[in-house]
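Asks: Quick one: sequence and predicted model below, then my questions.
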Amino acid sequence: MAKKLPNIVKEIRNNPPSPVNYAYQKNISYSQMSIYRGCQHRWKLQYKDKVRRFTSSIHTVFGTAMHEVIQHYLDVMYETSGAEADRIDIEELFREKYIGEYQKQYKSNKDSHFSNAEEMREFFEDGLGILSWFKKKKSSYFSKRGYSLVGCEIPIVIAPNKMLNNVLYMGYLDVVMYHEATETFKIIDIKTSTRGWRDQDKKNEDKQFQLLLYKQYFSEQYGIPLDKIEIEFFILKRKVLDWDDENLMSPHQAYRVQTFTPPSGKIKLGRAKKAINDFISECFNSSGNIKEKDYPKQASKWNSHSKNLQTVLCFCILQMMILENKSQTKQILNYKF
């Protein structure tokens, strides 16, 4: 049986934010700001000129399906019981979500495939590996003792820049937990990754800012003190090393789940708030419309995309050298980024 919910959890569930009134309000998202920080011209084409380009991939299909399955499992676990959650045919549920999301994005791509059977099968098997691990180890990450599930996909709608209060930030929090004894909330952002986050990923402000802004705006929207809100990345790894692998340096390399809590003090929150406010003031006028100005094609001052590409390229080459796959290495070297 599900336990009685704390009053504050009921209040949050029963008081969602008012929806955006598109007659006089504009909405922005973190992905908008992220695109702008990467390339202002690309942002202008997509959001001002409405030139949409297909950006789906097997990674977005996989990520969406994994989110939905994990969230459904947690919802049943906390609202009904852990035993009931374990009775879910999680393999069939994942298959349904995975294929359904692919078909949805296939339609968005004008009925054109963007993956193949071999790749689809590989990602599906990786997903089953993650879910099997998660079911066995769930109590290490999600305790029912003293915790309540506030909800999944909790909406945030707020004006970051009070001088332009008709430009609203919209976001959805993957998972929000509440610990009654300490009166503390935890906002959890689910990410999928091939092999987990390395130090450079953890230090990447573009990754951190989204969760930092969620903390700030969850606090503002529901009147919760910042020091009563924790944040955590819940990273699901497709690939892991076997326990008996000679390259296994740490048992954690065999874990399917990696958690990371980024620093979220005043300085970090201040940097995240400045980034979103700069984006709004640079792109929107007092009426909330996109400004008529030059949006350069070159990467903006914040962008680290080129460095990331170089890092990925070097890693790919190294892996291929290890596998002695000279033909594939040659293809990578000849590819024009």
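Replies: Good, I have the coordinates.

Asks: For the spatially most central residue of the chain, which three-state class applies?
Replies: What sits nearest the mean C-alpha location of the chain, by C-alpha atoms, centre = their mean, is residue 191, with 4.9 Å. Following DSSP: H, G, I helix; E, B strand; the rest coil, residue 191 is assigned to strand.

Asks: show me what contacts it?
Replies: Listed by C-beta atoms under 8 Å, 6 or more residues apart in numbering, the contact set of residue 191 reads 63, 197, 233, 234, 235, 236. The C-beta positions use only the backbone N, C-alpha and C, and glycine is treated the same way.

Asks: Now pLDDT too, for those, in CSV please.
Replies: Below are those laid out as CSV (pLDDT from 0 to 100):
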residue, pLDDT
63, 97
197, 95
233, 98
234, 98
235, 98
236, 98
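
Asks: got a winner among those residues for most neighbours?
Replies: Neighbour counts for the contacts of residue 191 peak at residue 236, which has 24 neighbours (criterion: other C-beta atoms under 10 Å).

Asks: one step back: in the contacts of residue 191, find the pair that's most separated.
Replies: Comparing all pairs in the contacts of residue 191 by C-beta to C-beta, the longest separation belongs to 63 and 197, at 14.4 Å.

Asks: Just the CA trace of stretch 122-138, in PDB.
Replies: Listed in PDB are the C-alpha atoms of stretch 122-138, where the atom choice follows Å, rounded to 0.1, in the frame of the first residue of the first chain:
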ATOM      1  CA  GLU A 122      22.200  -3.200 -30.200                       C
ATOM      2  CA  PHE A 123      20.600  -0.300 -28.400                       C
ATOM      3  CA  PHE A 124      17.600  -2.400 -27.400                       C
ATOM      4  CA  GLU A 125      19.900  -5.000 -25.800                       C
ATOM      5  CA  ASP A 126      21.800  -2.300 -24.000                       C
ATOM      6  CA  GLY A 127      18.500  -1.000 -22.700                       C
ATOM      7  CA  LEU A 128      17.500  -4.400 -21.300                       C
ATOM      8  CA  GLY A 129      20.900  -4.600 -19.600                       C
ATOM      9  CA  ILE A 130      20.300  -1.200 -17.900                       C
ATOM     10  CA  LEU A 131      16.800  -2.000 -16.800                       C
ATOM     11  CA  SER A 132      17.900  -5.400 -15.400                       C
ATOM     12  CA  TRP A 133      20.600  -3.700 -13.400                       C
ATOM     13  CA  PHE A 134      18.200  -1.000 -12.200                       C
ATOM     14  CA  LYS A 135      15.600  -3.500 -11.000                       C
ATOM     15  CA  LYS A 136      18.200  -5.300  -8.900                       C
ATOM     16  CA  LYS A 137      19.900  -2.200  -7.500                       C
ATOM     17  CA  LYS A 138      16.900   0.200  -7.300                       C
END
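
Asks: What average pLDDT does it get?
Replies: The average pLDDT for stretch 122-138 rounds to 96.

Asks: List the contacts of it.
Replies: In contact with stretch 122-138 (C-beta under 8 Å, 6+ apart) are residues 58, 61-62, 65-66, 69-70, 73, 77, 82, 86, 90-91, 94-95, 98, 141, 236-240, 255-257.

Asks: Filter those down to the buried ones.
Replies: 58, 61-62, 65-66, 69-70, 73, 77, 82, 90, 94-95, 98, 236-238, 240, 255-257 (16 or more other C-beta atoms under 10 Å).

Asks: ok, now which ones touch residue 234?
Replies: 141, 174, 175, 188, 189, 190, 191, 257, 259.

Asks: now do residue 283
Replies: By C-beta under 8 Å, 6+ apart, the residues touching residue 283 are 36, 43, 290, 291.

Asks: now with 7 Å?
Replies: Contacts of residue 283 were listed using C-beta atoms under 7 Å, 6 or more residues apart in numbering, and they are 36, 290, 291.

Asks: any idea how far the last one lies from residue 215?
Replies: Relative to residue 215, residue 291 is positioned 29 Å away (C-beta to C-beta, to the nearest Å).

Asks: hang on, residue 284 packs against residue 292?
Replies: No. Residue 284 lies out of contact with residue 292 (C-beta atoms under 7 Å); the separation is 11.4 Å.

Asks: Looking at those two, which has the bigger crowd around it?
Replies: residue 284 (18 against 7).

Asks: Who's the closest spatial neighbour of that one, skipping the chain neighbours?
Replies: Among residues not flanking residue 284 along the chain, residue 167 sits closest, at 5.2 Å (C-beta to C-beta, 6 or more residues apart in numbering).

Asks: same deal with residue 277?
Replies: The nearest residue in space to residue 277 (C-beta to C-beta, 6+ apart) is residue 161, at 5.1 Å.

Asks: and that neighbour, how many neighbours does it have?
Replies: Counted with other C-beta under 10 Å, the neighbours of residue 161 add up to 18.

Asks: now do residue 174
Replies: Neighbours of residue 174 (other C-beta under 10 Å): 20.
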